[in-house]
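Trainee: Generate coordinates for the sequence data below:
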Amino acid sequence: FVLHASPTSTVDDASSPAGQALDWMLSDPHSLAIVSPTTQSSTVLVGAAAVVQRFAIATLYYALDGEGWTGGENEGWLATTTTNGSLEDGSECFWDQDHLRCNSDGEINWIKLFGINGMSGSVPMELGLLSDSLTSLNLARNRNGIYGAIPAQLGALTRLTDLSLDRNDLTGRLPKSLNDLVNMEKLQIHENSFIGELLSNVGDWDELQHFSANKNFFTGTIPFGISGLSKLTLLALQENRLEGPIPDDFEELENIQYLSLYDNADLNGTIAPSLCASLLTAEIDCGNIECECCTANDDDDECP
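Mentor: So this is what the prediction gives:
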């Protein structure tokens, strides 16, 4: 089941997170029970889908050094069947509902490992196996803990509406596969060390309301299509290396309330006066960008 769903997983390497996860499952009574269950449950997956989901979440645990999490954050993880032998007993849906939740069909739809002390490792590609159900993934505020690149397989999580990877030590370019996350409402990737250009198709994310990519090393221009995001209320791109003009049709961001573009030395252009009605805060470099609706801050009386 595992190899069919994820043929590139390194399950043959017993020291890899995927190898550790599979080794644990082969000795886990619940994992063996869900392959060919003798009882049924309306809230627990069974068969191939159940095996793949349990493998994915166990791989996440090993990839981020779950055994090293402190403060009781790993309590309940990798639980097996306990007292009554039911399928619910030991299901990953009941491991830790502060950090992991399932829908009514027993599918994981919410992961929040936010600011976990002792966390260390890279985001595993096996998370992409949760493509049928995962809508929210929050691995934020684990600086000095989560590092490396975003795996391309996360682009398979097309049901995601919330992806929060901010304030980590992530590096590299954003995989092009993330362009497929068209249901996204909130994308937070700020305060990492990403390089390269911003996602080219972000303008196709009609539901996007919150996009923060500040404090990275992004280059290139602001994607032209971003101006068509009518629901966008927050756009934070400050402290990068963006260049070129602000898109002419920025005025179409009719619901924008917070716009931050400062400390992009080669970014220039004009903030349309029509945005003044919706903008509550605009942080820009007044020497490069014109904005009639901006007022001076205390440190720069010359700012229009």
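Trainee: State the pLDDT value of K231.
Mentor: In this prediction, K231 carries a pLDDT score of 94.
Trainee: And for the nearest residue to it once chain neighbours are set aside, the neighbour number?
Mentor: With C-beta to C-beta, 6 or more residues apart in numbering as the criterion, K231 has its nearest non-adjacent residue at 5.1 Å, and that residue is Q209. (Each C-beta comes from the backbone N, C-alpha and C, glycine too.) Neighbour count of Q209, defined by other C-beta atoms under 10 Å: 16.
Trainee: cool, and A265?
Mentor: Residues lying near A265 (other C-beta under 10 Å) number 12.
Trainee: mind listing what it touches?
Mentor: 241, 243, 285, 288 (C-beta atoms under 8 Å, 6 or more residues apart in numbering).
Trainee: One more: G115?
Mentor: Neighbouring residues of G115 by C-beta under 8 Å, 6+ apart: 140-142.
Trainee: Could you rerun that using 7 Å?
Mentor: With contacts defined as C-beta atoms under 7 Å, 6 or more residues apart in numbering, G115 is in contact with 141-142.
Trainee: Tell me if I am right that it is in a helix.
Mentor: No - per DSSP: H, G, I helix; E, B strand; the rest coil, G115 lies outside any helix segment and is coil.
Trainee: And the contacts of stretch 200-214?
Mentor: 166, 179, 182-190, 198, 223-226, 228-229, 231-240, 260.
Trainee: In strands only, show me these.
Mentor: Residues from these lying in strands, with DSSP state E as the criterion: 186-188, 234-236, 260.
Trainee: Present those as JSON lines; the columns should include neighbour count, distance to S136 and pLDDT.
Mentor: Compiled in JSON lines, the ones in strands among the contacts of stretch 200-214 are given as follows (neighbours: other C-beta atoms under 10 Å; distance: C-beta to C-beta, whole Å; pLDDT from 0 to 100):
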{"residue": "K186", "neighbour count": "18", "distance to S136": "9", "pLDDT": "98"}
{"residue": "L187", "neighbour count": "24", "distance to S136": "12", "pLDDT": "97"}
{"residue": "Q188", "neighbour count": "20", "distance to S136": "12", "pLDDT": "98"}
{"residue": "L234", "neighbour count": "18", "distance to S136": "18", "pLDDT": "97"}
{"residue": "L235", "neighbour count": "23", "distance to S136": "21", "pLDDT": "96"}
{"residue": "A236", "neighbour count": "18", "distance to S136": "20", "pLDDT": "97"}
{"residue": "S260", "neighbour count": "17", "distance to S136": "24", "pLDDT": "94"}
